[in-house]
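Student: Kindly generate the corresponding structure for this input.
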Amino acid sequence: MNVAVRPRPKVITLTERAAERVREIMASSDRPLAGLRIGVRNGGCAGMTYTMEYAETVAPNDEVVEDKGVTVLVDPKAVLFLLGTEMDYQVDKLSARFVFNNPNQTSACGCGESVLLTPAVQGS
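Tutor: Numbering: from 1, shown residues only. Below is the predicted model of the structure:
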């Protein structure tokens, strides 16, 4: 009996603007980088904040996402909080920043620095 295996969805995807900005950041690094590590941590007035850091190596349990020529490493503790998220890069008159369009976000603080996230249900 052959069972069709459904492709595993990407935890996170990037818009073209975000991918281009990540490529620029990685190219300007003075050391070799394996990718950009993204996660979440407790903090802020709404409960959680997104984290981003350069990664020189892939950690054993990182979720490795390749999208638009960019390698994103997702902290394993953040996978269920980020499942289905789109990362964008927005520039306006006063700022330039990465923005996370996350279907698991249930609310955000007024200053926009922290969010309330509910883990995605596995198998959906």
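Student: all contacts plus neighbour counts: C-alpha atoms, from now on.
Tutor: Fine.
Student: Give me the three-state assignment for residue 60.
Tutor: coil (DSSP: H, G, I helix; E, B strand; the rest coil).
Student: Hmm, I typed the wrong one, I wanted residue 17.
Tutor: Strictly by three-state DSSP, residue 17 counts as helix.
Student: Residue 9 too?
Tutor: coil.
Student: how about it, what does it touch?
Tutor: Neighbouring residues of residue 9 by C-alpha atoms under 8 Å, 6 or more residues apart in numbering: residue 84.
Student: go on, residue 65?
Tutor: When contacts are counted by C-alpha under 8 Å, 6+ apart, residue 65 touches 10-12, 71-74.
Student: just how off-centre is the host helix or strand of residue 39 within its chain?
Tutor: Per DSSP states H and E: residue 39 is located in strand 35-43. Its chain's C-alpha centre and that of strand 35-43 lie 7 Å apart, by C-alpha atoms, centre = their mean, to the nearest Å.
Student: Grab the CA positions of that strand and hand them over as CSV.
Tutor: C-alpha atoms of strand 35-43 as CSV (Å, rounded to 0.1, in the frame of the first residue of the first chain):
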residue,chain,number,x,y,z
GLY,A,35,22.0,31.8,8.2
LEU,A,36,19.7,34.1,10.2
ARG,A,37,18.3,32.5,13.4
ILE,A,38,14.8,33.5,14.3
GLY,A,39,13.0,32.7,17.5
VAL,A,40,10.7,34.0,20.2
ARG,A,41,11.3,34.7,23.9
ASN,A,42,9.2,35.8,26.8
GLY,A,43,9.2,39.6,27.3
